[in-house]
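Asks: here's a sequence, model it:
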Amino acid sequence: MRVLFLLNSLNVGGYEQLMLDVFCHMRRQGHEITTCCLKKKGNLAGEFEQNDIPVIADFVRNRFDMLAPLRVRDALKGEEFDLMFLEMGRNALLAGEFIASALGDPVRVSSIHGTGVLEQGGLFRKGQKALLNRLDGIVSCAHTQSQYLINGEGIDKSLLKVIVNGVDHTRFAPDEQETGPLGDEARRSIATVASLTPEKGHLAFVEAAAIALKTVPDARFYIIGGGPEKERIENAIQSRDLQERVIMLGIRRDLPALLPHFRAVALASVPFRETLPISTMEAMSCGTPTINTNVGSVPDLVEHGVTGLLVPPGDVEALGAAFTELLVDEQKATAMGRAARKRVEEHFTMVRALQEYEEYFFEIVSRGRGSARDTLSSGT
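Replies: The predicted structure is shown next:
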């Protein structure tokens with residue numbers, strides 16, 4: 001099978017990491033994958049290339065560049081694909097529709113990793129919904145999200161396929177070593193792992209940390225990730241004089257070594273876009289309990305009081321109390337961590353997710369092309 005993955009940029013994030021895992025798996029099975037970034041390659045592109053997945057980029061030259069799809073078409077001239085996997089953003093959807101006929105009319109599929117708030121206008125504008133409903137298939141990452149997309153966003157039910165996110169539980173696993181890369185201090189600390197964007201709620205994380213430090217003054221809090229909100233978050237830390245207690249680590253690619261050693265991993269997302277966070281899944285797989293705001297499909301993943309804690313979005317006092325609860329009670333945190341690991345092993349493994357993605361791609365290409373599945377095996 002020949003697949004074109006078309007998106008804006010390959011920056012480190014849960015969606016991009018998941019698709020890296022999916023396409024690396026398919027590459028190992030002999031399929032040909034090409035990645036096209038309409039804008040810059042991004043900081044995850046190197047890992048695609050290291051896994052024999054070529055990345056081409058730099059097609060958008062300005063904000064309203066109507067010629068970008070033409071440049072993509074010319075760069076791929078003579079190529080034919082069985083499947084085009086499109087980022088759900090308008091740029092990729094428009095480009096995909098424009099260049100499809102020049103690339104052999106591949107089946108066009110997207111995935112949606114967001115859940116909106118209808119009172120705020122939802123996830124998609126009218127034009128973007130129309131483009132999504134013109135695709136051959138759409139992957140949703142949680143059963144509850146699928147219902148939201150149908151009832152709230154008007155996505156055609158017949159297009160949707162639920163493939164629940166997964167994590168490599170052999171790579172993200174409990175660590176028998178007493179200390180990790182951050183030393184003993186990590187055992188009495190809480191981390192958040194997320195792109196530094198407004199919807200991830202980092203300012204609430206900082207405020208909740210300040211609350212917890214009143215009871216547990218020797219605790220530490222780590223912010224892992226990069227993004228446009230970096231300066232704003234740094235200012236919030238400095239304004240509360242928390243530089244010694246709330247530490248920004250930037251983007252880290254050693255999460256399997258870090259996550260098992262935190263007391264908990266938190267995500268303070270606002271009720272917009274968050275659905276089934278990969279970082280929460282990775283922490284749970286490492287045997288680390290999680291503290292999340294109750295948004296999107298997070299309750300599909302986190303069992304409150306069993307594998308972690310859920311708090312109302314925007315309730316900084318509740319978030320700070322949850323931080324304090326697990327920092328004070330190590331035994332409770334340990335028990336939740338064990339339950340979290342078990343839940344991942346039973347329901348959220350990457351092995352299952354990869355198999356479902358590959359089977360779905362075969363199914364939809366065969367259906368779209370009217371060919372048998374076995375003609376697409378062996379990368380042909």
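
Asks: and Gly121, what's its pLDDT?
Replies: For Gly121, the pLDDT comes out at 79.

Asks: ok, now Gly368?
Replies: The predicted local confidence for Gly368 is 80.

Asks: what's stretch 42-62 in contact with?
Replies: For stretch 42-62, the external contacting residues (Cβ atoms under 8 Å, 6 or more residues apart in numbering) are 9-12, 16-17, 20, 23-24, 27, 33-41, 65, 67-69, 71-72, 75, 91, 226, 251. C-beta coordinates here come from the backbone N, C-alpha and C atoms, glycine included.

Asks: try 6 Å
Replies: Stretch 42-62 has contacts (Cβ atoms under 6 Å, 6 or more residues apart in numbering) with 9-12, 16, 23-24, 27, 33-41, 68, 71-72, 75.

Asks: please apply the same query to stretch 321-338.
Replies: So stretch 321-338 is contacted by 190, 208, 212, 215-216, 219, 263-264, 287-289, 291, 307-309, 311 (Cβ under 6 Å, 6+ apart).

Asks: among those, which lie within helices?
Replies: Judged by DSSP state H, the contacts of stretch 321-338 include 208, 212, 215 as members of helices.

Asks: out of those, who's the most crowded?
Replies: Ala208 (28 neighbours; other Cβ atoms under 10 Å).

Asks: that one reaches Val316, doesn't it?
Replies: Yes - with contact defined as Cβ atoms under 6 Å, Ala208 counts as touching Val316 (5.4 Å).

Asks: show me the strands in the stretch 201-350 of the chain, by range?
Replies: For the stretch 201-350 of the chain, applying DSSP state E, counting those that start in this stretch gives strands covering 220-224, 246-250, 264-267, 290-293, 308-311.

Asks: want to throw those into a markdown table with mean neighbour count?
Replies: Formatted as a markdown table, these follow (neighbours: other Cβ atoms under 10 Å):
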| stretch | mean neighbour count |
| --- | --- |
| strand 220-224 | 23 |
| strand 246-250 | 17 |
| strand 264-267 | 27 |
| strand 290-293 | 27 |
| strand 308-311 | 24 |
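
Asks: in a markdown table, list these along with mean pLDDT and distance to His347.
Replies: Shown next, in a markdown table, are these (pLDDT from 0 to 100; distance: least, Cβ to Cβ, whole Å):
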| stretch | mean pLDDT | distance to His347 |
| --- | --- | --- |
| strand 220-224 | 98 | 25 |
| strand 246-250 | 97 | 29 |
| strand 264-267 | 98 | 18 |
| strand 290-293 | 98 | 15 |
| strand 308-311 | 98 | 15 |
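
Asks: quick one, helices of the stretch 151-300 of the chain?
Replies: Applying DSSP state H, counting those that start in this stretch to the stretch 151-300 of the chain gives helices spanning 202-215, 230-239, 255-258, 278-285, 298-301.

Asks: any of the contacts of stretch 42-62 buried? List them.
Replies: Taking 16 or more other Cβ atoms under 10 Å as the criterion, what is buried in the contacts of stretch 42-62 is 9-12, 16, 23-24, 27, 33-39, 41, 68, 71-72.

Asks: which ones among the residues you listed map onto helices?
Replies: Per DSSP H, the subset of the buried ones among the contacts of stretch 42-62 in helices is 16, 23-24, 27, 68, 71-72.

Asks: which of these sits closest to Arg232?
Replies: Proximity of these to Arg232, judged by Cβ to Cβ, is greatest for Glu16, which lies at 22.9 Å.

Asks: tell me how far stretch 199-207 lies from the chain's centre.
Replies: Centre-to-centre, stretch 199-207 and its host chain are 18 Å apart (Cα atoms, centre = their mean, to the nearest Å).

Asks: nope, stretch 221-234 is what I was after
Replies: Using Cα atoms, centre = their mean, the offset of stretch 221-234 from its chain centre is 17 Å.

Asks: cool, stretch 240-252 as well?
Replies: Worked out by Cα atoms, centre = their mean, stretch 240-252 lies 23 Å from the chain centre.

Asks: quick one: contacts of that stretch?
Replies: Contact with stretch 240-252 is made by 12, 206, 209-210, 213, 220-224, 226, 237, as judged by Cβ under 6 Å, 6+ apart.

Asks: tell me the one of these nearest Ser158?
Replies: Of the contacts of stretch 240-252, the one sitting nearest to Ser158 (Cβ to Cβ) turns out to be Val12, at 33.7 Å.

Asks: next, the contact list for that closest one, please.
Replies: 43-44, 251.

Asks: can you pick the most crowded of those?
Replies: Counting by other Cβ under 10 Å, top hit in these: Leu44 with 21 neighbours.

Asks: would you mind measuring from Trp153 to Met281?
Replies: No Trp there; residue 153 is Glu. As judged by Cβ to Cβ, to the nearest Å, Glu153 and Met281 stand 24 Å apart.

Asks: in terms of neighbours, single out the busier of the two.
Replies: Met281 (28 against 19).

Asks: that one: what's it in contact with?
Replies: Per Cβ under 6 Å, 6+ apart, neighbours of Met281: 167, 348.

Asks: what is the neighbour count of the nearest residue to Arg341 once chain neighbours are set aside?
Replies: Nearest residue to Arg341 in three dimensions, chain neighbours excluded: Gly287, at 4.3 Å (Cβ to Cβ, 6 or more residues apart in numbering). Neighbourhood size, Gly287 [other Cβ under 10 Å]: 21.
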